[in-house]
Every structure is written in C-alpha cells, then in structure tokens.
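>>> structure for this input, please:
(2 chains)
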Number of protein chains: 2
Amino acid sequence: MKVVKFGGSSLATGNNVNKALNIIKNDSSRQVIVVSAPGKRTDDDIKVTDLLITYAYTSLRSNNYDDTVEKIFRRYELIAQYFDLPESDLTKIKRLLLTLPTYDYPNADYRMATFKAHGERLNAILIAKILNHQGIKTRYLEPKDVGLIVTGTPNNAEVNPETYVNLKRINLKNNEKIIFPGFYGITPSGHIATFSRGGSDITGAILARGFDAELYENFTDVDAIFSANPNIVTNPAPIKKMTYQEMRELSYAGFSVFHDEALIPAIQGEIPVNVKNTNDPEKPGTLIVPEDGFIPKHTITGIAGGKNFAALYLRKYMLNKGAGFTLKLMEIFDRHHVSYEHMPSGIDDLTIIFKKDALSDQLIDVICNEIQTSLNPDQMQWIDDYAITMVVGEGMKDKLTLCASILYPLGEKNISIQMINQGASQISIMIGTRRQDEEEVIKTIYQNFIENR
Amino acid sequence: MKVVKFGGSSLATGNNVNKALNIIKNDSSRQVIVVSAPGKRTDDDIKVTDLLITYAYTSLRSNNYDDTVEKIFRRYELIAQYFDLPESDLTKIKRLLLTLPTYDYPNADYRMATFKAHGERLNAILIAKILNHQGIKTRYLEPKDVGLIVTGTPNNAEVNPETYVNLKRINLKNNEKIIFPGFYGITPSGHIATFSRGGSDITGAILARGFDAELYENFTDVDAIFSANPNIVTNPAPIKKMTYQEMRELSYAGFSVFHDEALIPAIQGEIPVNVKNTNDPEKPGTLIVPEDGFIPKHTITGIAGGKNFAALYLRKYMLNKGAGFTLKLMEIFDRHHVSYEHMPSGIDDLTIIFKKDALSDQLIDVICNEIQTSLNPDQMQWIDDYAITMVVGEGMKDKLTLCASILYPLGEKNISIQMINQGASQISIMIGTRRQDEEEVIKTIYQNFIENR
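From the prediction side, this is the model:
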C-alpha cells in the first residue's frame, strides 16, 4: 500500500485534479491520498490558504466578508464543475465555510489555525465526492476520525506519538481509497492545530508511517529534486536517489521541495519517499531511502544554500575560563524563546548563528543589551548577512582531501569563509559566508564537482 | 624601567643564580625582579615546589618531616654558600620554613597554597640578601607589602583589579632593585593564595602592568619560543617577533614557554614581553608586541598542538528545534563546574570538546548519565583521544586559499579532520584530529609552510 500526497499546485484546477486522479487510478496500491489546499493557477493568483487567512482577519473586524468567501468557494466550485459534480455535493463545503466565524475558539491562534486548515479540509471533502461520483469507492477521513493528535502551538503543531497507536487501529479495506486533508491535526481537547506552512508533506509522512506503507509518493510540480537550485545553476542534474540523511542536510539550508519535518516520520517508519511530478508521473523522480545498503554513485549528491542566517560575534579574553559564559547566553536565549543554529568558537571568541526569520530587529536589540549587561564582552558585533551552504553526499565519506578541494577554488575567487563544519557523519560540509558570496559558492562547487563529472 | 622574571631552572643552582644576577646588574633599567622557586638541577632532581607539597602532606599526618625540611633548606643553603653568604642570613628562611605547619589556616586548600608559595617567597628573601651582600641596594617586597590582591580558589587564584591601584602607590627609587616572589598573592582577608602552576609569569606581568614598565623580560632556559615543538620537529625556526594574539592562540594548544594567563595583564597594560634565555642573554629571544603597527614577515608564525582534549558527540533529530537543548547541557556542566572548549554542530548533532585534565572518569560517567536522562539523545559517544592543532599567524589574514592548502596535504596523508575552525580574526586555523594523528599534522604543516620558506 502506498500513501500519496498532492501539493497545492497539483490541485489548483479541475484539469490538475484530473491528472492527480488518473495517477491514483493507475495504481490500485495508491490507497491513501493526502491533499493540500488548491494553490496558484497563475503567477498572480492567490492560494486558497492565503484567502482563508484574509477571511480570518476580515471576519474579526466586520461582517463584510462575502467577497472573500465567494472567492474561496468559487475555487472549489470550478473544480466541481470540471467533473460535472451535482450542485448539492457542494452544500456541505459552503456551509462549513460560512459557519467558520461562528464557532467558539479558545483564542485567536486556534481561530486562525482552523480557518487555514479548511483549505485542505474542504478540498479533501470535494475530492472524495468526485471519486465517489466517478464510481470509485472512496472514504473521506480527517484527523479527528483517525486520532491524528498534535501538541505544541496552534499554528506550529507537532505530531503526538499517540497518533501512531491510533492509526494502527484504522482498518483499510483493500478495494477503497482514502482521501485525507493535509496540514493539520487535532489537539487532545479537540481543536484544530496546523503544522508549519507546507505541512501537508508532514501529514503524508505521518500516515505512511502509521499505516506502514511500502512507499510514500510525494507529488509536486517538478520532475525531481535537483542537485542545486535551478535559479542559481542552469539545468542542474536531478538527484535520482539519495538517503534520508542527505535529504535532511540539504533541506536544512533551503531545499524546500520536501518539508524538513516531514522526513522524521518517514525515517522513524523506514518508509522510502518518492518525490514525483504530477504533470509527468512516468518520470522516476527522486527516491529517498534508508542509509542501510545505499551505495552512492557520485561523490557529491547536492548543494543547497540558505541566505536567511545572521550571526552574533562575541569576543572576551579568557571567555571559556569563565565557566557559565555559555550558560548565561543560553538563559538569555531561552528567556526570549530564541534558538540558535551553530556556535563555532575560537580561543577568545564565539560566533552564534541564527535563522533570521525567528528574530525581529527589536528582539535583536533586547538580546544584545542583555548580553552586554550580563556578560560584558570586549567586542560584540551583529552580522546581518550570513549565508550557509551545505555540500552533501554519502559518497563524500572517507574522501579526506575533498574539503580542501572544495575550499581552494572558493579562496581563488576571493570568497572569505566565515565558518567550516565538516559533519561528524562526514557526509556533509557546511560553509558559512557573507550573503553576497553564496550564489558564487554554489556555482563554483557545482561546476567543479557535479557539472564536470 | 623593566620588569624581569626568572624561571625555576634559571635559579636552580648558585651558578644559575649568578647568571641571573649578572643579567640584572648589566642593565640598570632592570629594576623589578620576580623570582620563581628553585627548579630541577638535573633531570631526576625534585623541584622545591614539589618538595613543599610533600612537606604539606607529611606534616599533616605526623611530626616526622625533618628529612623533607632539610632537603628544602639545603637547596637555599647551597645557593647561599655559592655567594659566601653568612650563616645568619639564613636564619629567617629556616624559621619561616619550620613554622609553616604551626599556623592556623582557614582550610586545607589555603594551607597547601601557603606551603607552595614559600618556594618563591624564601628564594626572593635569599636573593635580596645576596644582592645586598654584594653591595647592590635591594629591597625585598612581597604581595602583602604592595597589595597584590587575589580572589578565586586558594590554588587557582586570579588577580583583583584593585592590585593595579595599589601598585601605583609604590614608590620605586631610581638606584634600587626590587626582588619580588612570583606565583602568589594575598586574599582580601590576608591569606596566601597561588596562581595556577607556573604562575610566576603572571606575577611578572602584573607588576609590569602595575609599574607601567617599558618591557617585561621573561628569562627561561630556551633561546626563544619556537615555531613548533622541538620534540616533534627537528630544529624548528625560532619566532623572533609576534603579537599578543598570536602568542595567545599558540599557548592555547600547548605552547607552555610563557604562561597562558600571564599575557592578559601585559595586553591590558600594552607592555611588550621579551622571552629570553638566562644562559645566553645576548640572543634576541622572542618579542611579543601589540597588534598595532605589527607587520608580519611570514604567513605562518607557529604551529602548536595539544593532545589533552576529549569530546562528547551527541546526535538527536531536530536537535536545534528543541530550544533549550544547549541550555540543559550547560546547566549540567555548570552543576559539575565543568567548562567546555568548543562546540561545533551539524544539522542534528553536536560535538562538545573539553580539556581532558579537568575531567575524571567518574565525572564523565555522571555527566553522560545526566545527559542521557534529561536530553535523551539518539546517539552519545565519548571520544577520549581528541587533539587540537593551532596554526597561527598575523600573515594568514586575507590569504583565502590558505586553509585549503593546509588541509589538502593532511587529507593526502589519510588524516581525518574532526573539526576545522577558521578564527573570525582570521589569524588562526584550529584543526581537530584524533590524537595519533596530531604529530603528523604538525610535521606536515611545518614542512609545507615554515621549513620550505
């Protein structure tokens, strides 16, 4: 049995939904289907999720939200019309949409989560109806039906391990399809809470693990995961096969094809993941597999870059003699709910690297002030334009001159390296640079190690 | 005015003391002289400080310590006899030595500190007497006379900034020499507390700063600080001149010629430091100067290696998403008074590097148990044979291919690099390896970058 997930762009129009349905019908083992909310049809279109966010805000301020509701409903209606679905099949969708502002929510965050989740929820209800209308026996299931329990914050929830116990109890019949909405789960007290944005990938992975699928197919709008960002490198080579750990290390610095957190349930359940193109399902796509028995074909599998980092440089004589310097630093971060990414240190200095999106300018000021007061560094500098490039490959293991070979051409191009970390697993090298150098780093490594192989 | 410090080997015999006194007499600006305790005369000799430690332990258990006292006293007596000092000049030394066990000490640690400090104290008293005996106007001063105040633990004290205010009040006459014992200071409540072992270097630096000396001359038994350890590299090139920061980075990984902590007061007072050989004082030695205006002659100034490191490898999925992982780790370290050196991290892992001498096997077990319980890592490994090599040079700045050029030959020799840190100051590269590779690392870099220049 396979779990299949379709992304928003794969379900944006009736025509796209039809392609997705053909994929499902072509393989009877594709039994559990996780759907996203309808995405953009054109570059200047608005995603249903974004319309729902507007709806959530507008309906708080006034009763004047008919336009937005109409826009949202129209997206589902257009898909329904493509499949000649009777008008009555849309009644439930309309009702659910209209009653969204009328419920009691524990707070504004849960309210927002519920609005957002309905992009997926309504789409799953609709697609189940289409399949049944086409004579294919289909069951709509949602998180509360199967016990997909989440905890954490309402708009950044995490799956609760209890979910896997619950999913074991669900009985899948051989001749039926299951349609399931992605992106959200249900809290222990029964409220909707969503994963982070793009979280339908996570739902698919949870179901694949819970139902012990033979394969988790993740359908999107690209042929494969590429060995480098196509916006930086022209026609980068696709990655045919890689390990979980390779994917994990590549995602870290910005490979956004497959959601970072979605890999965890797949790894835990040892479910292979296949990223494929809805528009060209015969192409092999990218297969992501366990490390055991994997034989790498190339030295470097991929290069990913993330520009969205910043760093704080601290210098103080005998910094590491004063036990507790890092403790005090961590207490400050913890007090402001800030987590750091890396912390390379010299003899008398420490660089703390952050993901930038978690930090507002105000928060940076507050933290720097507290550090100044409680740690009194000799020097403190905020570096706003930090980038991290990950060079990843199971084939890098035991290639002891590789790191030097990667770094030398960067030096020749006058690129200053701020940080180097050769992972203990030895399947990745992390390179910190200034942001303006990051594309050149990726291009140079690609040319030397992937293009010319 | 210059502050001059003589190490234990420079004062081990009458003959050596005479060399030191000639150095003092040769330059009238050499006015403040800091002395260590008499060191080893031959390879199998025992240092006076070690005899005093034995004395401290023995006198706790029994009254049967005459032998040890006699051995200690004999060292001073032999030096006195070399200079034909009258027997009466030794009365005070004998009395101070014999009454050591009779005082009230706040605790065993203070008792030990006082015993140890007398190696320096008695030697300074003796040498002041010798100089006066030779007709040179000499004043013996000790920490309590000048207000050299220390705080911290009795056997690992740190100078209190108040000391510098106190030293400003001391009036040095033009025609007199000052003899001052190294290694210890006085606590606010008047007890003796010592610096860490080898701490006479620190005393010299404190006095140089406090008296605003033009130069701090540190006399030892080597011609210069070498660019690599002579036990690893044959006839390494001497370092003629380097900056404070270069010295600091080299000391970190084991350059033990000049005490690590002694550099701080010199830096704070911007006092140049000259490391010279008592046995060949005409040689220029090594001059350590401020960074301002320093023009490096070579790319790499020196290479130092420290074998005495260990590392704890921790792996956990989404480690940095769980804010507080490092905080909990730091709380555990803090509870056990353990400080770490470096903490390079990958995507899902963290390596914590320690100086090994601060950790007993039992403490390692306790810490690992607490980490297991409170952080539940997926993988935890103790790496007992970690070594760090520092490659240091102000001339390394802006040499962007240098790091790669250093690493490549190491890879060719099958040396696996566990950590690379290119300091933010860019005047050093820190290389972590397994211990068995460390000498080869130093030899290889020396051959490629210093020997062949």
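>>> can you get me a residue count around residue A:41?
When neighbours are counted by other C-beta atoms under 10 Å in any protein chain shown, residue A:41 registers 16. For the C-beta atoms, the positions are set from N, CA and C on the backbone; glycine is no exception.
>>> state the pLDDT value of it.
According to the predicted model, the pLDDT of residue A:41 comes to 96.
>>> name all residues that make contact with whichever residue of the stretch 101-250 of chain A sits closest to chain B.
For the stretch 101-250 of chain A, the residue closest to chain B is residue A:249, as judged by C-beta to the nearest C-beta, at 5.3 Å. Applying C-beta atoms under 8 Å, 6 or more residues apart in numbering or on different chains to residue A:249 gives the contacts A:304, A:390, A:392, A:423, A:427, A:428, B:346, B:347.
>>> over to the most centrally placed residue in chain A: give its phi and psi.
For chain A, the residue nearest the mean C-alpha position is residue A:259 (2.3 Å; C-alpha atoms, centre = their mean). For residue A:259, the backbone dihedrals (degrees, to the nearest 10) come out as phi -60, psi 130.
>>> burial measure for residue A:270, as a count.
What residue A:270 shows, counting by other C-beta under 10 Å, is a neighbour count of 12.
>>> quick one on the thing from earlier: quick one: mean pLDDT over the helix or strand in which the residue of the stretch 101-250 of chain A closest to chain B is found.
Using DSSP states H and E, residue A:249 sits within helix A:244-252. In this model, helix A:244-252 has a mean pLDDT of 89.
>>> quick check: nearest residue in space to residue A:302, chain neighbours excluded?
Once flanking residues are discounted, residue A:302 sits nearest to residue A:227: 4.5 Å by C-beta to C-beta, 6 or more residues apart in numbering or on different chains.
>>> wait, I meant residue A:78
residue A:14 (6.3 Å).
>>> rewinding a little: can I assume the residue nearest to residue A:302 is in contact with residue A:235?
No: under the criterion of C-beta atoms under 8 Å, residue A:227 lies out of contact with residue A:235, with a separation of 10.4 Å.
>>> so for the two, which residue has more residues nearby?
residue A:227 (25 against 9).
>>> which residues does the more buried one contact?
Residue A:227 touches A:236, A:237, A:238, A:239, A:300, A:301, A:302, A:303, A:446, A:450, counting by C-beta under 8 Å, 6+ apart.
>>> same question for residue A:312.
Counting by C-beta under 8 Å, 6+ apart, residue A:312 has contacts A:351, A:352, A:354, A:367, A:368, A:371, A:380, A:381, A:382, A:383.
>>> do that again at 10 Å, thanks
A:329, A:340, A:343, A:350-354, A:359, A:364, A:367-368, A:371, A:377, A:380-383, A:386 (C-beta atoms under 10 Å, 6 or more residues apart in numbering or on different chains).
>>> pull up the pairing partners for the strand or helix carrying it, direction included.
Here residue A:312, judged by DSSP H and E, is contained in strand A:302-315. Next to strand A:302-315 in the sheet, as set by DSSP bridges, lie strand A:349-355 (antiparallel), strand A:379-392 (antiparallel).
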